[in-house]
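What would the 3D arrangement of this be:
(one chain, ligands or ions: 1)
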Amino acid sequence: MEKIIKTEEEWKAILTPLQFKVLRQKGTEYAFTGEYDKHFASGTYVCAGCENVLFTSEEKYNSGCGWPAFSEAVDNVAVEKHLDKSHGMIRTEVTCAKCDGHLGHVFNDGPINKGGFRYCINSIALKFIPNDNY
Ligand code: FE
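Model prediction:
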């Protein structure tokens, strides 16, 4: 996938301060505060930084963890996974494959019948596009 490269100043100009903190500085929004935590309308979730299509409502479920949870990404090129040893934990970080924005982490405690993954994603890193009903 072709990468979108911007300077820190360019990202700051198009992102809110919290979006910048999460997407560009690997921050985490507070649990149970995100717009899409309990949001289950039909549609597509794109990257808030570059609009790369990342997840769909088909794979979204209520994990109870306080952040939007998905059992899988929209396809196997939309996101990238990286070993993350920060904060004294070993986790798998999930980033947007197009802009390298930090999205969240993926864990192995997701729904078994959906493959067992839980993509735990910051709501602020996403933008929801409702399905067109016309
Ligand atoms: Fe992106």
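
From here on, just use CA atoms for contacts and neighbour counts.
Noted.

Please identify the buried residues of stretch 26-41?
Judged by neighbour count using 16 or more other Cα atoms under 10 Å, the buried positions of stretch 26-41 are 26-29, 34, 36-38.

closest to the ion among those residues?
residue 26 (13.1 Å; Cα to the ion).

Could you tell me which residues make contact with that closest one?
101-103 (Cα atoms under 8 Å, 6 or more residues apart in numbering).

how about the longest helix seen in the chain against the ion, any contact?
Determined from DSSP state H, the single longest helix within the chain is helix 8-14. No: on the criterion Cα under 5 Å from the ion, helix 8-14 is out of touch with the ion, staying 11.1 Å away.

which one is residue 101 nearest to, not counting chain neighbours?
Excluding the flanking residues, the one nearest residue 101 by Cα to Cα, 6 or more residues apart in numbering is residue 23, at 4.5 Å.

how about stretch 81-89 as CSV, C-alpha atoms only?
Taking C-alpha atoms only, stretch 81-89 is exported to CSV below (Å, rounded to 0.1, in the frame of the first residue of the first chain):
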residue,chain,number,x,y,z
LYS,A,81,0.9,-5.3,13.3
HIS,A,82,4.0,-4.7,15.3
LEU,A,83,5.5,-6.2,18.4
ASP,A,84,5.1,-3.6,21.2
LYS,A,85,7.1,-4.1,24.4
SER,A,86,6.2,-0.7,25.9
HIS,A,87,4.7,-0.1,29.4
GLY,A,88,6.1,-3.4,30.7
MET,A,89,3.8,-5.5,28.5
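
Many thanks, have a good one.
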